[in-house]
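A.B. asks: Here is my input, please return the structure:
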Amino acid sequence: MVTRLESTARTREQLIAAADQVFVKSGFHGATVEAIAAAAGLTTGAVYSAFGGKAELFLAVVDRRLDERIAELHEYSKLPFGPERTKLAAEQFLDRIRREREWQIALLEFRLYAARNPDLTAAFANRHRRFVAAVAREGREDRPESESHLAAERAARAGIAIGNGYALERLTDPERATEEEFVRVAVILMQALEEAGGLD
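C.D. replies: Numbering: from 1, shown residues only. The predicted structure is shown next:
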């Protein structure tokens, strides 16, 4: 017999999976609660009961995608700290934005929408900090104990900012914002930070 708790968890998972597909297809603004509920085979009431609304459901999709990205970090953290690790990380990022172009657009839509809502901005910022911390943690596994956590997080944030900016450039002018250029800039940035002793 399925318990109430199990039923609730199953409903949430159905809605998150359906919402992911609808947001990718229609974007954040184009997606509707009705379309998400229909894709999940549930009622709109189920959406509002489980998440409160479209924005909260989008954040749940962000959570799931962040979990996947953080899991991928382990792949390149096995390499020694240096240019090869940075190159692999950059190439993984490029592969992701190639595969997830429509999701990147939906995410940009949401971030602009959230910018006018302090509560949503704070909710998204918390998730972003979790990702920054994960990148910094993976990047410090073979680093000296004397290297500060703050310096590692600042370096991680700089790398992520470069990646996000490049993703936007790829959307704007894919012919000139080449993948080779991004990999080269990422390696140069990390080498410069290493030579400068981080961002303390």
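A.B. asks: I'd like the distance between residue 4 and residue 11.
C.D. replies: With distances taken as CB to CB, to the nearest Å, residue 4 is found 11 Å from residue 11. C-beta: built from backbone N, CA, C; applies to glycine.
A.B. asks: What residue spans form the domains of the protein?
C.D. replies: What automatic domain parsing lists as the domains of the chain is 1-52, 62-195.
A.B. asks: need the least confident one among these, by mean pLDDT.
C.D. replies: Here the lowest mean pLDDT among the domains of the chain goes to domain 62-195, at a mean of 84.
A.B. asks: list the contacts for the residue most central in space within the chain?
C.D. replies: By CA atoms, centre = their mean, the chain has its centre lying nearest to residue 66, at 5.0 Å. Neighbour list for residue 66: 127, 130, 131 [criterion: CB atoms under 8 Å, 6 or more residues apart in numbering].
A.B. asks: switch to 10 Å and redo it
C.D. replies: Contact partners of residue 66, counting by CB atoms under 10 Å, 6 or more residues apart in numbering, are 127, 128, 130, 131, 134.
A.B. asks: Please, which helix or strand holds the spatially closest residue to the fourth one that is not a sequence neighbour?
C.D. replies: The shortest distance from residue 131 to any non-neighbouring residue, by CB to CB, 6 or more residues apart in numbering, is to residue 66 (5.6 Å). If you go by DSSP states H and E, residue 66 is part of helix 54-77.
A.B. asks: What are the buried residues along that helix?
C.D. replies: Buried residues in helix 54-77, counted by 16 or more other CB atoms under 10 Å: 54-55, 57-62, 65, 70, 72-73, 76-77.
A.B. asks: pretty sure residue 110 is touching residue 27, no?
C.D. replies: Yes: shown here, residue 110 and residue 27 form a contact pair, counting by CB atoms under 10 Å, at 9.1 Å.
A.B. asks: The two: which has the busier surroundings?
C.D. replies: residue 110 (22 against 17; other CB atoms under 10 Å).
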